[in-house]
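**Student:** here is a sequence with its predicted model. Questions after.
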Amino acid sequence: MSRALVDQLLSMLAQSVEPPANAGPTDGWHSLLSNLSSVRNEDWDWLPPGGKRSISHLALHCGFAMRLYASYGFGDATLKRQDAVFPATQTPTKDNVVAWIREGYLALHHGLAASTNEALDDARKTHWGETKPRRWFAVTMIEHNLYHAGEINHIRALAQQNDA
Amino acid sequence: MEETRYPVPTVPRTEVDILLDLLDQSFQRERPPDGSDGWHSVLSNLQSVRDEDWNWVPPDGKRPICQLAIHIGIVLHMYAEFAFGSAKLRWEDVPHPDMLDKRAITEWLKECHQLMHDGLARCTDDQLDELCESWDEPQRVRRWLVHTMIAHNHYHAGEINHIRALAQKDDAWESS
């Protein structure tokens, strides 16, 4: 069975989370973790005037979503929302959340890596009950990581007064 | 496959197909009435921008939504030129409408996206790994130029959403 489509999605998913190991200076601008890397501790829970979602909220949301989508797109589709959140036994510091995001990403990566091109068209239930092809779960998480990386960058830029 | 409430894109069979799907989704994927999809595209995020939000900046902000929209279009145009065109255009020569004209900018963005889409649609999977001229480095793999545009669209769609949310005082999560 061909894996070219799966490999392409794996590559794009990886790059939505962090730049590749051999990244050049112009690679990885848009990834989730590269945008978190310039976030200072004092920016982590900061809110701009009128804002409701902090960088920590967005980072936790990304880790949560990757776990849910891994379960429903590629796993046994039994993970409950309350079991996909950051563990209450840990403090949600930036370092802890980054490590937790990497774990969520790996769950998704392993599920997608075990797929085939043909299996990407399998119908799967979302966690709210709608049916989507399996590849939708991977594609949506690629988009989701990049989209929230942009939001994180904007909050960070306002917090650090260097929007440019 | 069970019938879905909203049609899913044509099933991709080649690497170019899946990149076309991702590129189109990053630019123009629509949000269905129940809000269950289409959260992350450029056009779906521009749709809820009011005229008064277009050139607004939050405290300490420097980039209004209109500036991000111009940036998205210029970069799409340049990447299309270097991935699929003659690779001669310079950044400062990319033509664009007046930044304050929201309607004209939105239409122009669709043209910029179409340049990228059409170039990619003419490609074969093998050509994705060919080297292309670049404006600042010796060469780039064509696939990299496409991947970067997909990421770029989503990233700035997120920034646009955050500025819009602050302008409209309704910063909140998407629905799912």
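**Tutor:** Received it, and whenever you're ready, just let me know what you need.

**Student:** chain neighbours aside, what residue packs nearest to B:Leu109?
**Tutor:** Among residues not flanking B:Leu109 along the chain, B:Gly73 sits closest, at 4.8 Å (Cβ to Cβ, 6 or more residues apart in numbering or on different chains). Where C-beta positions appear, they are placed from N, C-alpha and C, glycine not excepted.

**Student:** where in chain B is pLDDT low?
**Tutor:** Scanning chain B with the threshold set as pLDDT under 70 gives B:1-12, B:174-176.

**Student:** residue boundaries of the helices in it?
**Tutor:** Applying DSSP state H to chain B gives helices spanning B:15-28, B:42-47, B:65-84, B:102-121, B:142-168.

**Student:** from those helices, pick the one with the highest average neighbour count.
**Tutor:** helix B:142-168 (a mean of 24; mean count of other Cβ atoms under 10 Å in any protein chain shown).

**Student:** and the angle from that one to helix B:102-121?
**Tutor:** For helix B:142-168 against helix B:102-121, the angle by axes from the mean of the first three to the mean of the last three Cα atoms, to 10 degrees is 160 degrees.

**Student:** A:Pro87 is nearest to which of the helices of chain B?
**Tutor:** Set against A:Pro87 and scored by Cβ to Cβ, these come closest in helix B:142-168, at 26.5 Å.

**Student:** what about the residue of chain A found nearest chain B, how many residues nearby?
**Tutor:** Residue nearest to chain B within chain A (Cβ to the nearest Cβ): A:Gly150, separated by 2.8 Å. Residues lying near A:Gly150 (other Cβ atoms under 10 Å in any protein chain shown) number 26.

**Student:** ok, and the closest non-adjacent residue to it?
**Tutor:** Nearest non-adjacent residue to A:Gly150, counting by Cβ to Cβ, 6+ apart: B:Gly158, 2.8 Å away.

**Student:** the one you found contacts B:His40, correct?
**Tutor:** Yes: at 7.3 Å, B:Gly158 counts as touching B:His40 under the criterion of Cβ atoms under 8 Å.
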